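Asker: no FASTA, just this:
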């Protein structure tokens, strides 16, 4: 399959099955290691570009068809989105080539009248592409911003009510930007200076982190980072700087016993181990065994030996006992993920209005189950990668109202130098893409006093 066909296949699975595009592409690229690096880059660009700009692409397509939008078959709609994205956003692909590829793809699976439909729509859009690039929709503020920046209108309405027009537009714009690749240098194996010098020798643009000493921002990357010897030797981990702040906020100490209650693939687990100098014990809990397998493979690569995986859901944890008693607990809770739209644009099309309340209840249930597992004087760090009050401040305040033996500590004194501006009025950390040029994360330190 060529790059366009691979992108089409990937997008179909994202839309129909709710699959994660990064997982799909990772699997495909591993199964086809001989795929040209330029084709890999183009596939990635097409998949993420179409997901990022889906709303605006559909707005343009719908203006140029004579049938009801919901009558367009999904495969035809995806084919049109891919072509229009190429016409409006990718200058290096000739317009005629973009149209031709779409028509040929249609010929492989569609009847002749559909092929003619695709050809006619795209030729019209191609002729008008320069004016369409700059087109601004008319209508209400929420409709205009939703089309201009490609978001569901209900989500823009929600942000407008909480942030106002100017900040909502800034947030929408920033969440559409392609972020730099950020890595965490593994100080168990090397130094920041050493790896930064090596990256520059590879031709990467390297900038130090703004808030975390072990963070580096990379640009002008022309190769797969996981193919580098430095990666294989465990000298760095790809991880956004906001995510790196989480482990620093927990302040793990060598020799402590720590629970990472929703460990996932383990970026934070291994960072905790790094800050603990690989001394102590980290129980990495997750309800999906495949994630724990990947976590332990990554821990081995990074030279981390103090992590013990445990396949279990947080809400299934038994009452406190010797097995479940911890000096510190990290709950990186399931959430809507609206703080990481730069990296996961598919989220904005998957999230639903009812998800905020549903996830708030799940988060409260998890905190309730974890509360008795923390030793007196210990710290429970509650974190999300979203920007909604229900999942952040309201979840924390709800927990504190039911647990008098816990108190919220200001994060200000626990942040690395330069991080004071990340603390909100409640004392928790809230980062924003448009304010801090990192992902949108929330984190609150809860100390058990009783």
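Answerer: Perfect, I can see it now. Worth saying up front: this structure is predicted, and the values here are computed from it rather than measured.

Asker: When you work out contacts or count neighbours from here on, use the C-alpha atoms and nothing else.
Answerer: Will do.

Asker: Just give the number of residues close to residue 409.
Answerer: Other residues within reach of residue 409 by the criterion other Cα atoms under 10 Å amount to 16.

Asker: Could you find the closest non-adjacent residue to it?
Answerer: Leaving out its chain neighbours, the residue that sits closest to residue 409 by Cα to Cα, 6 or more residues apart in numbering is residue 445, at 5.5 Å.

Asker: pLDDT score for that neighbour?
Answerer: In the predicted model, residue 445 carries a pLDDT score of 98.

Asker: Residue 256 contacts residue 277, correct?
Answerer: No: counting by Cα atoms under 8 Å, residue 256 sits too far from residue 277 to count as a contact (10.9 Å).

Asker: Now the residue nearest to residue 409: which helix or strand?
Answerer: Secondary structure here is read from DSSP states H and E; on that basis residue 445 sits in strand 442-448.

Asker: List the neighbours of that strand that are in contact with it.
Answerer: Strand 442-448 is contacted by residues 246, 249-250, 374-387, 392, 396, 405-411, 427-431 when judged by Cα atoms under 8 Å, 6 or more residues apart in numbering.

Asker: quick revisit: give the bridge partners for the residue nearest to residue 409, please.
Answerer: Beta bridges link residue 445 to residue 381, residue 409, judged by DSSP bridges.

Asker: Number of residues surrounding it?
Answerer: Neighbouring residues of residue 445 were enumerated by other Cα under 10 Å; the total is 25.

Asker: So for the spatially most central residue of the chain, what's the nearest residue that isn't a sequence neighbour?
Answerer: For the chain, the residue nearest the mean C-alpha position is residue 340 (3.8 Å; Cα atoms, centre = their mean). Leaving aside its sequence neighbours, residue 340 sits nearest to residue 439 (Cα to Cα, 6+ apart; 5.4 Å).

Asker: List the residues that contact the one you found.
Answerer: If you count contacts by Cα under 8 Å, 6+ apart, residue 439 has them with 240, 241, 242, 243, 339, 340, 342, 385, 431, 432, 433.

Asker: from the middle of its chain, how far away would the strand holding residue 445 be?
Answerer: Relative to the mean C-alpha coordinate of its chain, strand 442-448 is positioned 22 Å out (Cα atoms, centre = their mean, to the nearest Å).

Asker: ok, and for that strand, which residues are buried?
Answerer: For strand 442-448, burial by neighbour count (16 or more other Cα atoms under 10 Å) applies to 442, 443, 444, 445, 446, 447, 448.

Asker: Include distance to residue 61 when you put the residues you listed into CSV, please.
Answerer: Listed next are the buried residues of strand 442-448 as CSV, based on distance: Cα to Cα, whole Å:
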residue, distance to residue 61
442, 37
443, 41
444, 44
445, 47
446, 50
447, 53
448, 55
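
Asker: the strands in the stretch 151-300 of the chain, which residues?
Answerer: Per DSSP state E, counting those that start in this stretch, the stretch 151-300 of the chain has strands spanning 181-185, 205-208, 215-219, 236-238, 257-260, 281-286. These are given in chain order.

Asker: Tell me the helices and strands packed up against the third one.
Answerer: Translated: strand 215-219. In this structure, strand 215-219 packs against strand 181-185, strand 205-208, with contacts taken as 3 or more Cα pairs under 8 Å, 6 or more residues apart in numbering; DSSP states H and E.

Asker: so of the ones you listed, which one's packed in deepest?
Answerer: Highest mean neighbour count among the helices and strands packed on strand 215-219 (mean count of other Cα atoms under 10 Å): strand 181-185, with a mean of 23.

Asker: Given it, what are its sheet partners and their directions?
Answerer: Those paired with strand 181-185 in the sheet (DSSP bridges) are strand 215-219 (antiparallel), strand 236-238 (antiparallel).

Asker: Need those in TSV (columns: mean pLDDT, distance to residue 24 and mean neighbour count).
Answerer: Shown next, in TSV, are the strands paired with strand 181-185 (pLDDT from 0 to 100; distance: least, Cα to Cα, whole Å; neighbours: other Cα atoms under 10 Å):
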stretch	mean pLDDT	distance to residue 24	mean neighbour count
strand 215-219	94	24	22
strand 236-238	97	18	22
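
Asker: do you know which of these lies nearest residue 201?
Answerer: Distances from residue 201 to each of these were compared by Cα to Cα, and the smallest falls on strand 215-219, at 12.5 Å.

Asker: Tell me where the chain is predicted with low confidence.
Answerer: Applying pLDDT under 70 to the chain flags residues 319-323.

Asker: contact partners of the helix or strand hosting residue 5?
Answerer: Secondary structure here is read from DSSP H and E; on that basis residue 5 sits in helix 3-17. Judged by Cα under 8 Å, 6+ apart, the contacts made with helix 3-17 from elsewhere in the structure are 19-21, 24-25, 39-40, 42-44, 46-47, 75, 78-79, 82, 101, 105, 346.

Asker: cutoff 10 Å now
Answerer: Contacts with helix 3-17, where a contact means Cα atoms under 10 Å, 6 or more residues apart in numbering, come from 1, 18-22, 24-25, 28, 35-36, 38-48, 50-51, 74-75, 78-79, 81-83, 98, 101-102, 105, 346, 349-350.

Asker: and what of stretch 18-33?
Answerer: Under Cα under 10 Å, 6+ apart, the answer for stretch 18-33 is 6-7, 9-15, 35-37, 40, 43-44, 47-48, 51, 343-347, 349-350.

Asker: Using neighbour counts, trim those residues to the buried set.
Answerer: Among these, those that count as buried by neighbour count (16+ other Cα under 10 Å) are 6-7, 9-12, 14-15, 40, 43-44, 47-48, 51, 343-347, 349.

Asker: rewinding a little: could the contacts of residue 439 go into a markdown table alongside distance to residue 330?
Answerer: Shown next, in a markdown table, are those (distance: Cα to Cα, whole Å):
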| residue | distance to residue 330 |
| --- | --- |
| 240 | 17 |
| 241 | 17 |
| 242 | 15 |
| 243 | 12 |
| 339 | 19 |
| 340 | 19 |
| 342 | 24 |
| 385 | 14 |
| 431 | 18 |
| 432 | 21 |
| 433 | 23 |
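
Asker: ok, of these, which one's closest to residue 313?
Answerer: Nearest to residue 313 among the contacts of residue 439, counting by Cα to Cα, is residue 385 at 19.5 Å.

Asker: What about the closest one? Give its phi and psi, please.
Answerer: The main-chain torsion angles of residue 385 are listed as degrees, to the nearest 10 and equal phi -110, psi 50.

Asker: Residue 344 - that's part of a helix, no?
Answerer: No: with DSSP: H, G, I helix; E, B strand; the rest coil as the criterion, residue 344 is assigned coil and is not in a helix.

Asker: Is it correct that it is in contact with residue 337?
Answerer: Yes: contact between residue 344 and residue 337 holds when scored by Cα atoms under 10 Å: they sit 8.5 Å apart.
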